[in-house]
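Undergrad: Model the structure of this input:
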Amino acid sequence: MINYNLPHFKLLKSNKKNKKIKDNIFGILTASVLVSFLAGILASDLFYNQIENSFAQLVHNRSNYDCSCDPKETQEEKVVQIVEDVSPAVVSIVVTKEVPVYKIKSDGFFQSYEQDGAEEQEVGEGTGFIISKDGVVLTNKHVVLDEEANFKVLALDGNEYSAKVIARDPIQDLAVLQIQNSEKEFPKIQLGDSDKIKVGQTVIAIGNALGKYQNAVSVGVVSGLERTINASGGDFYETLKNVIQSDTAINKGNSGGPLLNLDGEVIGINTAIDVEGQNIAFSIPINRAKRDVQRMREKGEIIYPFLGVRYVEITEGLKKEEDLPVDYGALVLRGSNGEKPIIEGSAADQAGIKEGDIILELNNQKIDSENSLGEEIMKYSPGDEISLKVLRGGKEIHLKATLKERNI
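TA: A predicted model of the protein is given here:
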């Protein structure tokens, strides 16, 4: 049995009075239900009106929002479109050279080989991409390292052009070619900003895979930044610092090809792979190539600012090993074969830097594992004056140096 505890209602014995009270109660309840119903309708109308107004405002804002992307476009469709747009500016580089041709000579008992002239043969291949309408091409230095070789550029449309190396970077694995004897206006590729790269972002690689699959495409993600690697190939060996790591499939022949972001911009130049791993590829940040191109256009060659010291980066381990007063900076010292620590006539020589000095700062930037002396110097140009904070004999001194130039 359920008891309703209603203190405001009193049970009366009179049937007539009870009926009247019941009628009143029924009227009150009916009125309450009606009021609630009407209130619900009004609230519902207000709620849907608010949604409708908000949606209308969203549509209005969307129409005024400047966005170059299609929200319905999938990543796959975006990649396909980028490849279609960019591929005409990606070229295969064919390296040819005159090599001796031999024939067999026999005297009836013994056979020998003697040279029978020479013929042009393909001795190498790689990839490049066009960065200006007059046919300037960026690629890797190791692709065009042989100064006695001839170079041809093969475009996606099947046209073939002779090309000339106009600059090889003396420090980095970069080179610049110029397509020869053509008045054609070439499609060019857009260069991005490699300082904005994030780990995990999607990237696209295009290249002449294995030297026979022209403009082959692979897609991956940036898997690491600021890597330091020792790259080699044939007689070529180079230490590359602060390179981009990605898991895009890079093969022989892809060297010099572009690494693209999802805006279709080049953010790196594909350079090397780790043969011990799977899909571990490395690319030179495009901002470095931009500096090369700018200096080439200004000076006619790729030049670098040059301080003129031999040094080793100080670490916590080196500090303990050599009992140094600091765990950062660049220690000026002789080369492993006894080479002088200061290049005669260099900016360092003229500034008065001495063997045993520790360069602590360059233009107020601390020199450490994240900001090496070489990387900091690269930020400037020949002729720039820099200030150096140097630790000598336990005392800090300040020196001025005017950078000179280093070329091939």
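
Undergrad: all helices for the chain, in order.
TA: Here the chain has its helices, by DSSP state H, at 15-64, 75-86, 286-299, 316-322, 347-351, 373-377.

Undergrad: Tell me where the stretch 251-400 of the chain is predicted with low confidence.
TA: Scanning the stretch 251-400 of the chain for pLDDT under 70 picks out 277.

Undergrad: go again using 90 as the cut-off
TA: 251-255, 271-281, 288-306, 317, 322, 334-340, 369-382, 394 (pLDDT under 90).

Undergrad: all strands for it, in order.
TA: 258-260, 265-273, 281-285, 304-306, 311-313, 330-332, 358-362, 365-366, 385-392, 395-402 (DSSP state E, counting those that start in this stretch).

Undergrad: can you put the ones you listed in TSV and add distance to residue 114 and mean neighbour count?
TA: Every residue, glycine included, has its C-beta placed from N, CA and C. TSV is the format used below for the strands of the stretch 251-400 of the chain (distance: least, CB to CB, whole Å; neighbours: other CB atoms under 10 Å):
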stretch	distance to residue 114	mean neighbour count
strand 258-260	46	31
strand 265-273	40	26
strand 281-285	45	25
strand 304-306	47	20
strand 311-313	53	16
strand 330-332	56	23
strand 358-362	60	21
strand 365-366	63	14
strand 385-392	60	18
strand 395-402	59	13
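
Undergrad: Residue 149: which of the ones you listed is closest?
TA: strand 265-273 (19.5 Å; CB to CB).

Undergrad: partners of that closest one in the sheet?
TA: strand 190-191 (parallel), strand 258-260 (antiparallel), strand 281-285 (antiparallel) (DSSP bridges).

Undergrad: Report the rounded mean pLDDT for the first one.
TA: Put plainly, it is strand 190-191. Average pLDDT, strand 190-191: 94.

Undergrad: ok, back up a step: nearest to residue 201, of the strands of the stretch 251-400 of the chain?
TA: strand 265-273 (9.0 Å).

Undergrad: Now the closest one - C-alpha only, CSV.
TA: Provided in CSV are the C-alpha atoms of strand 265-273 (Å, rounded to 0.1, in the frame of the first residue of the first chain):
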residue,chain,number,x,y,z
GLU,A,265,55.9,22.9,-51.5
VAL,A,266,59.5,21.5,-51.4
ILE,A,267,60.7,21.3,-47.8
GLY,A,268,63.6,19.0,-48.3
ILE,A,269,66.0,17.4,-50.9
ASN,A,270,66.2,13.6,-50.6
THR,A,271,69.7,12.6,-50.0
ALA,A,272,70.4,9.4,-48.2
ILE,A,273,69.0,6.2,-46.7
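
Undergrad: need the strands paired with strand 265-273 in TSV with distance to residue 332, can you?
TA: Putting these into TSV (distance: least, CB to CB, whole Å) gives the following:
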stretch	distance to residue 332
strand 190-191	37
strand 258-260	37
strand 281-285	28
